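Visitor: okay, here's the prediction I keep looking at, along with the sequence it came from:
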Amino acid sequence: KPRVMSLAIFTALCGQILALEINTLHPILLLISLLSIAIGAGAAGCINMWYDRDIDAKMKRTKSRPIPSGSIKPEEALGLGIILSILSVVLLGLAANLMASLLLASSILFYIFVYTMWLKRKSYYNIVIGGAAGALPPLIGWVSVTNQISFFPIILFLIIFVWTPPHFWALSLFSENDYDKAGIPMLPNVLGKRATKKSIVKYTYFIYFISFLPFLLNYTSDLYLVVMLILNTYFLFLSHRINIDDNKTSKKLFKFSIIYLFLLF
């Protein structure tokens, strides 16, 4: 999952770089720690695609993935995912510290058992709660350098956590039939498009407020404030415009949300 992987690795790297203001870590250990987080993210995605192979085969967006397309056997994907999960956790513990290692293990387990195996097929809150796993990389990156948790990386976690629902709800608006066909309870095919649009706007305001916090608490400079205001204003503009042209604008919002997170971090 290249987009998800690249975002996870990049936000983890940002967490590490910001943490270097507080503590130092040898460049080689820094890279090995980042590699461990990347391996862990890949492992979680691997097991996710093993478990979801039945619904992936039904959806136009996912039917060309390695398992439903037949290029990789399910048991091979599961074996690889388990081995990589263990490797990533052990490697991060050796290169950084035990706390970072436990956070990575928690992230992998949460993504697999809570999101993939439980919430995804049971509740339209799947993305809201399940987003916690994808929001952990900057916190893990920070802890890998400092061996402690502080409020700044928690804010970074919250930004991604609140960003995740509108990001995926925008995707679900133009992939609605896909999710319905696969029996996944996403917001549009459970509560309808109108409720989804309202939720996107509501969460966009939440993002606006939370992304203000790093500047308000003197963690960042004026440059961050300017970039944040521009990005959030356009994000909010697109979220409101979905009410006018939901299909076209939801695609635009989904694509912009990825750029938004990269530029903000």
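Guide: Done, it's in. Numbering: from 1, shown residues only.
Visitor: against Ile242, how distant is Gly130?
Guide: Counting by Cβ to Cβ, to the nearest Å, the gap from Gly130 to Ile242 is 22 Å. (Glycine included, C-beta is placed from N, CA and C.)
Visitor: nope, Phe256 is what I meant
Guide: Applying Cβ to Cβ to Phe256 and Ile242 gives a distance of 12 Å.
Visitor: what about the helices in this structure?
Guide: Counting by DSSP state H, the chain has helices at residues 2-19, 27-51, 53-56, 74-95, 98-109, 120-122, 126-135, 137-146, 151-174, 176-182, 187-190, 193-216, 222-241, 246-264.
Visitor: between the ones you listed, which gets nearest to Ile67?
Guide: Of all the helices of the chain, it is helix 53-56 that lies closest to Ile67, at 4.4 Å by Cβ to Cβ.
Visitor: can you give me how far stretch 85-95 is from the chain middle?
Guide: In terms of Cα atoms, centre = their mean, to the nearest Å, the centre of stretch 85-95 is set 21 Å apart from its chain centre.
Visitor: to clarify, my last question referred to stretch 70-86.
Guide: On the basis of Cα atoms, centre = their mean, stretch 70-86 sits 21 Å off its chain's mean C-alpha point.
Visitor: buried stuff in it?
Guide: Ile72, Ala77, Leu78, Leu80, Gly81, Leu84, Ser85 (16 or more other Cβ atoms under 10 Å).
Visitor: pLDDT at the fifth one, what is it?
Guide: Which is Gly81. Reading off the confidence values, Gly81 has pLDDT 98.
Visitor: got it, and the third one?
Guide: Residue-level confidence at Leu78 comes out at 98, pLDDT.
Visitor: surely it touches Ile47?
Guide: Yes. Here Leu78 reaches Ile47: they are 6.5 Å apart, a contact under Cβ atoms under 8 Å.
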